[in-house]
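Asker: Let me see the structure of the following:
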Amino acid sequence: MSHIQSKFLAAVLVLAVVGCAHPTPYQPLGSRSEGSGGYSDERVAQGHYRVAFRGNSLTSRETVEAYLLYRAAELMVSEGYDWFVVIDREVEHTVTREVRRDPLYRPWFGPAYSTWQPYWRYYLRGQGWVVWDPYHADPFWADRVDERRVEQFESSAEIRAGRGVAPAGNGQVFVARDVLEEIGPRVVRPSHG
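Answerer: Okay, the predicted model is just below:
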């Protein structure tokens, strides 16, 4: 296989993997669907629940929080409640950086020739003379390093449920059926096909 063919094959594989990646759909946590993450809930006491939604690295914070609110409303309706109040809410934001060598970069001299490989010395203002070689991710050759920032969000809330007319004047009170009607059309569920 020629060098050009191997580069083409690697590019096709990268596109195939990226093409399969999706934000977390609205699904129970632990589903074997096209995205990791999902919702979970537990009853803490009578009329008191803890609800959470975890998104993957392609799911925005806005989507995570909307799905959390939608799950809370869906849970309230299924349990026979009309409204709920958010007692406490938290959002976890995890940021990691992945730094990998460019998989398509192949210097002429492989690791078997570690004593016979190219390297350069260059002058960097403020740092003096710096040495670069192709097997270390020196800043001089930054285009040969793939760096990616990965963000993930998980939102959770403790809610108290109620029946009848929702109390007025509290911005943390939500009518469950109104939430389902407003957010429902934008909820993306797992595709089966």
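Asker: Which strand residues bridge the closest residue to residue 172 other than its chain neighbours?
Answerer: Leaving aside its sequence neighbours, residue 172 sits nearest to residue 86 (Cβ to Cβ, 6 or more residues apart in numbering; 4.3 Å). Placement of C-beta: from N, CA and C, glycine included. Beta bridges link residue 86 to residue 159 when assigned by DSSP bridges.
Asker: Residue 86 is in contact with residue 161, isn't it?
Answerer: No. The criterion here is Cβ atoms under 8 Å, and residue 86 misses it with residue 161 at 11.3 Å.
Asker: contacting residues for the residue nearest to residue 40 when sequence neighbours are not counted?
Answerer: Leaving aside its chain neighbours, residue 40 sits nearest to residue 29 (4.4 Å; criterion: Cβ to Cβ, 6+ apart). Listed by Cβ atoms under 8 Å, 6 or more residues apart in numbering, the contact set of residue 29 reads 37, 38, 39, 40, 52, 54.
Asker: ok so, going back, got the contact list for the residue nearest to residue 172?
Answerer: 72, 157, 158, 159, 172, 174.
Asker: Was I right to think the third one contacts residue 50?
Answerer: Yes. With contacts counted by Cβ under 8 Å, residue 158 reaches residue 50, the gap being 5.3 Å.
Asker: what residues are shared contacts of the two?
Answerer: Each of residue 44 lies in contact with both residue 158 and residue 50 under the rule Cβ under 8 Å, 6+ apart.
Asker: and residue 72, how many residues sit next to it?
Answerer: Neighbours of residue 72 under the rule other Cβ atoms under 10 Å: 25.
Asker: Surely it is in a helix?
Answerer: Yes. Under DSSP: H, G, I helix; E, B strand; the rest coil, residue 72 sits within a helix.
Asker: Could you list which residues are in contact with it?
Answerer: Taking Cβ under 8 Å, 6+ apart, one finds 41, 49, 51, 84, 86, 157, 159, 174, 176, 179 in contact with residue 72.
Asker: Compute the distance between the fifth one and residue 73, please.
Answerer: Noted for residue 86: a distance of 11 Å to residue 73, by Cβ to Cβ, to the nearest Å.
Asker: what does the fourth one give?
Answerer: From residue 84 over to residue 73 the distance is 7 Å, taken as Cβ to Cβ.
Asker: Identify the contacts common to these two.
Answerer: 174, 176.
Asker: Residue 190: which element?
Answerer: Under DSSP states H and E, no helix or strand contains residue 190.
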